[in-house]
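Participant: Let me see the structure of the following:
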Amino acid sequence: MKKTLFACWYLTLFTLMTIISGLICLLVSLFSKGLSRRITGQVWARIVLDPAFVKVEVVRGQELLPSPNQGGYIIFANHRSLLDIPTVAQATKRNVSWVAKQDLGRIPIFGWTLKRVHMLIDRQGGAEAAKRMISQASARLSAGEILAIFPEGTRNKTEAPLLPFKKGAFIMAKHSQVPLVPLAIYNSGKLWPSGSLTPEPGTIKVAIGEPLRAHKDQSLNLLRDRAQKSLEELYLSLEKDWA
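Facilitator: Sure, this is the predicted structure:
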């Protein structure tokens, strides 16, 4: 009975506040996309995490995040739960611009906000879509924006630490010559697994790794493999310490 009541309360609050914050973001984005990203990041993260009594703890690497005046960069993280997006926002305390699938832009209000404030990519669009992605990412990164992406492409429901990485984030980094910052998330999948209506109370652990540098003459596959190894090592270190 308690679980049912909690689910009703949490989902109602979550839905209402997501709609309200989405509408506010759409309005604010008319004059400040930076402020809109703060709302979709810091404020919305609290809406998701606090009512569920979920805490985010950065156990190491906070000092490795480039400072805001150092220009744009890409954060790449593992993905096991709906909690991962607010976790990245809370762990970094940055106004990140999310790189998400084009399909999400069709969701009323939530999708409109993504389309207006963040960056949507078309994975099925072929060469022309890839060119648009690179052009848009380069412009944003050159303007000092921070892009966040889940390079696995979908939630990992397996026992493996990570799914194979897609190439999108690394094409962006290689073309724009910006740092790639690995961010490992541990325990989010246990607190809100796929198929569960609501999250469980608990703590999500985060580790941030040394930024990787992308060079134009470096193999794309090599860069992707380096990044995957870096994030996997971070994730396994969290698993070892906190399992």
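Participant: Return the backbone torsion pair for the residue lying closest to Ile107 once chain neighbours are set aside.
Facilitator: Excluding the flanking residues, the one nearest Ile107 by Cβ to Cβ, 6 or more residues apart in numbering is Leu114, at 7.9 Å. Bear in mind the C-beta positions are built from the backbone N, C-alpha and C, glycine included. Main-chain torsions, Leu114, degrees, to the nearest 10: phi -60, psi -50.
Participant: again, but for Glu57
Facilitator: For Glu57, the backbone dihedrals (degrees, to the nearest 10) come out as phi -120, psi 120.
Participant: list the contacts for it?
Facilitator: 203-206 (Cβ atoms under 8 Å, 6 or more residues apart in numbering).
Participant: before we move on, what about Ile134?
Facilitator: 171-172, 175.
Participant: Any idea which helix or strand in the chain has the lowest mean pLDDT?
Facilitator: Of all the helices and strands that make up the chain, strand 119-121 has the lowest average by mean pLDDT, DSSP states H and E, namely a mean of 65.
Participant: Quick check: which ranges of this structure have low pLDDT?
Facilitator: Residues of the chain meeting the criterion pLDDT under 70: 105, 119-126, 129, 243.
Participant: need the helices for it, in chain order.
Facilitator: Using DSSP state H, the helices of the chain run over residues 2-28, 33-38, 44-49, 84-92, 110-117, 126-142, 168-176, 188-191, 220-242.
Participant: on contacts alone, who are the packing partners of the fifth one?
Facilitator: Applying 3 or more Cβ pairs under 8 Å, 6 or more residues apart in numbering; DSSP states H and E, we find helix 110-117 packed against helix 2-28, helix 33-38, strand 96-101.
Participant: rerun that using 6 Å as the cut-off
Facilitator: Using 3 or more Cβ pairs under 6 Å, 6 or more residues apart in numbering; DSSP states H and E, the elements in contact with helix 110-117 are helix 2-28, helix 33-38.
Participant: next one: the last one
Facilitator: If contacts are counted by 3+ Cβ pairs under 6 Å, 6+ apart, helix 220-242 sits against helix 168-176, strand 180-186, strand 202-208.
Participant: what does the longest one contact?
Facilitator: Taking contacts as Cβ atoms under 6 Å, 6 or more residues apart in numbering, the residues outside helix 168-176 that touch it are 74, 76, 134, 137-138, 141, 149, 151, 180, 214, 220, 223-224.
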